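Participant: The sequence isn't on hand, but the structure is:
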């Protein structure tokens, strides 16, 4: 019963290749050029330089218009870029954020042909009713409502669009070719990891067009929320599911952004916002696996019974994000570093998470992080509640764009999911407090509740012990360095004039003649004085910088060193 789908002819492939290549070359080059200019200026300490927003908006408006015409992968690429605050400033991101995944539906004949090809039987033997009009049409697939012939159950039938595999391969090959061309002429790795962007985008697209993977995601979410009566995940019909066909339980409900319908049904908008956000924080902090596309078309509200209140039903599980055990550990280290105001440890955690590429200026990043911590550290929960989330987002995006950061795919999804969630919850209820709902989950994740307090204290102590071991080796390291300096094993070269060079050589020869005698006495006093001064300076600096525990540790070592000096005399 297999029906052969007409392939895209060679001439059409060439025309599409030229259009996509031109669009991508222009877009990627402008994004790279503007970020390079800003980052180089900030490396020189010039923080006044800003990207040319007008030029970026012009190229992205053109990208958006062409993406809508070409469809498929170009729309997905625009949506992918709209979550990359490391590649584009906020106003430029806004241009792409409105790029909707809505395209004209494929012909109904294609839908019937695909179903019969995948299931190997006539469509009327599978469904007693299959609506001709689709309920949702996206760039990669579309959904039709149907009734199963065997049971009479209402289901959602999701089918791939025509030639989707061929179009995805063509556009991905074009994207890879454009990146290769750009990298042949300029080294972009310092400012944008273009091949990294390509790999992340390719992975997410292939996961989204594989409906077997989406079915597995739906089953996992259903298992995650099986004991929560406020969250509902549709059932998967495995007998009717393949790589190009997915059949799920039909969900009746009100779209989460249909405020008039929610009020007419007597559903509390504030309660809907709270339950939706709680469901996401459960996914982020406890499960490490989350629905990455929470736009209003993917969340439906059912009234529920009087005791349970509104029920939040999720659909469309093609885009998901996951946090591994190691990533969650690094995230915890990241938060603890912020608590301890340790910008170096914080940057190290970011590097382990993949936010900082090779060859990045770690000093500049540490400086930027220190400034960010100075602004937000010590803020009470009451003050945090008063924060304007968009303002904080702008600060973070400014730091990401102006420093050599890159956002790993799973965190790009996290950022996109959170920003979409903030928009949805704020629209539902302007009085909704995002921070207040997040706090209990964040405390549990960090081990700041009763159950995890011991583990958190142990981790902080481990960090302090690491600092202590480093400081304990400091006197011996300084002593070895000073010994090598005094015995001539370390040579300090001054190149201002030839005469200085001759003087150095004479001094070095003289030092060797009198080395044993002078070293025996000089080492005993000078090096230990230098050690004492270094410890004192380190303790004072750390104390001034509010690193009180390491600071007092250094001062204590200085006191021990002073006692040692007195004993030697």
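Facilitator: Yep, that arrived. Note that the structure is predicted; figures quoted are calculated from it, not measured. Numbering: from 1, shown residues only.
Participant: so where is the stretch 301-450 of the chain shaky, pLDDT-wise?
Facilitator: By pLDDT under 70, the weakly predicted segments of the stretch 301-450 of the chain are 338-340, 357-361, 375-404, 409-410, 446-450.
Participant: All the strands of it, residue numbers only.
Facilitator: 311-314, 320-322 (DSSP state E, counting those that start in this stretch).
Participant: Give me the residues contacting the last one.
Facilitator: Pointing back at strand 320-322 there. Contact with strand 320-322 is made by 207, 217, 288-292, 410, 413-414, 417, as judged by C-beta atoms under 8 Å, 6 or more residues apart in numbering. (Each C-beta comes from the backbone N, C-alpha and C, glycine too.)
Participant: Equivalent analysis for the longest one, please.
Facilitator: Under the criterion C-beta under 8 Å, 6+ apart, residues 221, 229-234, 251, 253, 256, 272, 275-276, 279, 291, 294, 298-304 lie in contact with strand 311-314.
Participant: how does it look with 6 Å?
Facilitator: By C-beta atoms under 6 Å, 6 or more residues apart in numbering, the residues outside strand 311-314 that reach it are 230-233, 251, 253, 275-276, 291, 300, 302, 304.
Participant: Distance to residue 57 and secondary structure added to those, as a markdown table?
Facilitator: Putting the contacts of strand 311-314 into a markdown table (distance: C-beta to C-beta, whole Å; DSSP: H, G, I helix; E, B strand; the rest coil) gives the following:
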| residue | distance to residue 57 | secondary structure |
| --- | --- | --- |
| 230 | 41 | coil |
| 231 | 39 | strand |
| 232 | 41 | strand |
| 233 | 39 | coil |
| 251 | 38 | coil |
| 253 | 37 | coil |
| 275 | 37 | helix |
| 276 | 32 | helix |
| 291 | 31 | strand |
| 300 | 35 | strand |
| 302 | 41 | strand |
| 304 | 44 | coil |
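Participant: could I get the residues you listed as CSV with neighbour count and distance to residue 313?
Facilitator: Listed next are the contacts of strand 311-314 as CSV, based on neighbours: other C-beta atoms under 10 Å; distance: C-beta to C-beta, whole Å:
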residue, neighbour count, distance to residue 313
230, 18, 10
231, 20, 8
232, 20, 4
233, 25, 7
251, 16, 5
253, 19, 5
275, 20, 11
276, 24, 11
291, 25, 12
300, 20, 5
302, 16, 6
304, 15, 10
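Participant: Farthest pair within those residues?
Facilitator: 291 and 304 (20.0 Å; C-beta to C-beta).
Participant: Selection in PyMOL covering whichever of the contacts of strand 320-322 are buried, please.
Facilitator: Entered in PyMOL, the line below selects the buried ones among the contacts of strand 320-322, by 16 or more other C-beta atoms under 10 Å:
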select buried, resi 217+288+289+290+291+292+410+413+414+417
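Participant: and which of the contacts of strand 320-322 is nearest residue 28?
Facilitator: The shortest distance between residue 28 and any of the contacts of strand 320-322, using C-beta to C-beta, involves residue 413 and amounts to 21.2 Å.
Participant: contact partners of stretch 255-274?
Facilitator: Outside stretch 255-274, the residues that touch it by C-beta under 6 Å, 6+ apart are 254, 296, 299, 301, 303, 309-310, 425, 428-429, 432.
Participant: Show me which parts of it are buried, residue by residue.
Facilitator: Neighbour-count burial for stretch 255-274, counted by 16+ other C-beta under 10 Å, picks out 256-257, 259, 262, 267, 269, 271-274.
Participant: So which of these is the closest to residue 61?
Facilitator: Relative to residue 61, and with distances defined as C-beta to C-beta, the nearest of these is residue 257, at 25.2 Å.
Participant: Strands of the stretch 51-200 of the chain, start to end?
Facilitator: Shown for the stretch 51-200 of the chain, the strands assigned by DSSP E, counting those that start in this stretch span residues 127-130, 136-137, 141-148, 154-160.
Participant: Look up how far residue 118 lies from residue 212.
Facilitator: According to C-beta to C-beta, to the nearest Å, residue 212 and residue 118 sit 11 Å apart.
Participant: Tell me which of those two has more neighbours.
Facilitator: residue 118 (20 against 14; other C-beta atoms under 10 Å).
Participant: Now do the same contact list for the more buried one.
Facilitator: Shown in contact with residue 118 (C-beta under 6 Å, 6+ apart): 242, 244-245.
Participant: redo that, cut-off 10 Å
Facilitator: Contact partners of residue 118, counting by C-beta atoms under 10 Å, 6 or more residues apart in numbering, are 1-2, 126, 159-160, 211, 240-245.
Participant: Pull up the gap between it and residue 422, please.
Facilitator: Taking C-beta to C-beta, one finds residue 118 at 39 Å from residue 422.
Participant: Span of stretch 249-264 from start to end?
Facilitator: Chord length of stretch 249-264, first to last residue, is 26 Å (C-alpha to C-alpha, to the nearest Å).
Participant: With stretch 240-247 instead?
Facilitator: 6 Å.
Participant: In contact with residue 236, which residues are there?
Facilitator: 211, 214-219, 222, 246-249, 317.
Participant: which residues touch residue 330?
Facilitator: 323-324, 348-355.
Participant: if we can go back for a sec, out of the contacts of residue 236, which sit inside strands?
Facilitator: Judged by DSSP state E, the subset of the contacts of residue 236 located in strands is 246-249.
Participant: Among those residues, which one sits closest to residue 406?
Facilitator: residue 246 (32.7 Å).
Participant: could you measure that closest one against residue 109, distance?
Facilitator: Noted for residue 246: a distance of 20 Å to residue 109, by C-beta to C-beta.
Participant: Which of the contacts of strand 320-322 fall in helices?
Facilitator: Counted as lying in helices by DSSP state H, out of those, are 207, 217, 410, 413-414, 417.
Participant: ok, these vs residue 370, which is closest?
Facilitator: Once C-beta to C-beta is applied, the member of those that ends up nearest residue 370 is residue 414, at 24.0 Å.
Participant: which one is that closest one nearest to, not counting chain neighbours?
Facilitator: residue 321 (5.7 Å; C-beta to C-beta, 6 or more residues apart in numbering).
Participant: Distance check, the one you found against residue 242.
Facilitator: 25 Å.
Participant: And residue 55, by the same measure?
Facilitator: Using C-beta to C-beta, we find residue 55 at a distance of 46 Å from residue 242.
Participant: Neighbour count for these two, which is higher?
Facilitator: Using other C-beta under 10 Å as the criterion, residue 55 and residue 242 rank with residue 242 on top: 18 against 13.
Participant: for that one, helix, strand, or coil?
Facilitator: Here residue 242 is coil, with the state taken from DSSP: H, G, I helix; E, B strand; the rest coil.
Participant: quick one, phi/psi of it?
Facilitator: Note on residue 242: its backbone torsions stand at phi -140, psi -170 [degrees, to the nearest 10].
Participant: Contacts only, for it.
Facilitator: Residues near residue 242 by C-beta under 10 Å, 6+ apart: 114-115, 117-119, 160, 210-212, 215.
Participant: Go through those residues and name the one nearest residue 84.
Facilitator: For those, the nearest to residue 84 is residue 210 (23.5 Å; C-beta to C-beta).
Participant: Surely the closest one and residue 216 touch.
Facilitator: Yes: the pair residue 210 / residue 216 is scored as a contact, 9.4 Å apart, by C-beta atoms under 10 Å.
Participant: Let's see the ChimeraX selection covering just the buried ones among the contacts of stretch 255-274.
Facilitator: The buried residues among the contacts of stretch 255-274 can be selected in ChimeraX (16+ other C-beta under 10 Å) with this line:
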select :254,299,301,309,310,425,428,429,432
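Participant: Sort out which of the contacts of stretch 255-274 are in helices and list them.
Facilitator: Per DSSP H, the contacts of stretch 255-274 map to helices at 425, 428.
Participant: For the contacts of stretch 255-274, give me a markdown table that also has distance to residue 175.
Facilitator: Shown next, in a markdown table, are the contacts of stretch 255-274 (distance: C-beta to C-beta, whole Å):
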| residue | distance to residue 175 |
| --- | --- |
| 254 | 39 |
| 296 | 29 |
| 299 | 31 |
| 301 | 38 |
| 303 | 45 |
| 309 | 46 |
| 310 | 42 |
| 425 | 34 |
| 428 | 37 |
| 429 | 41 |
| 432 | 39 |
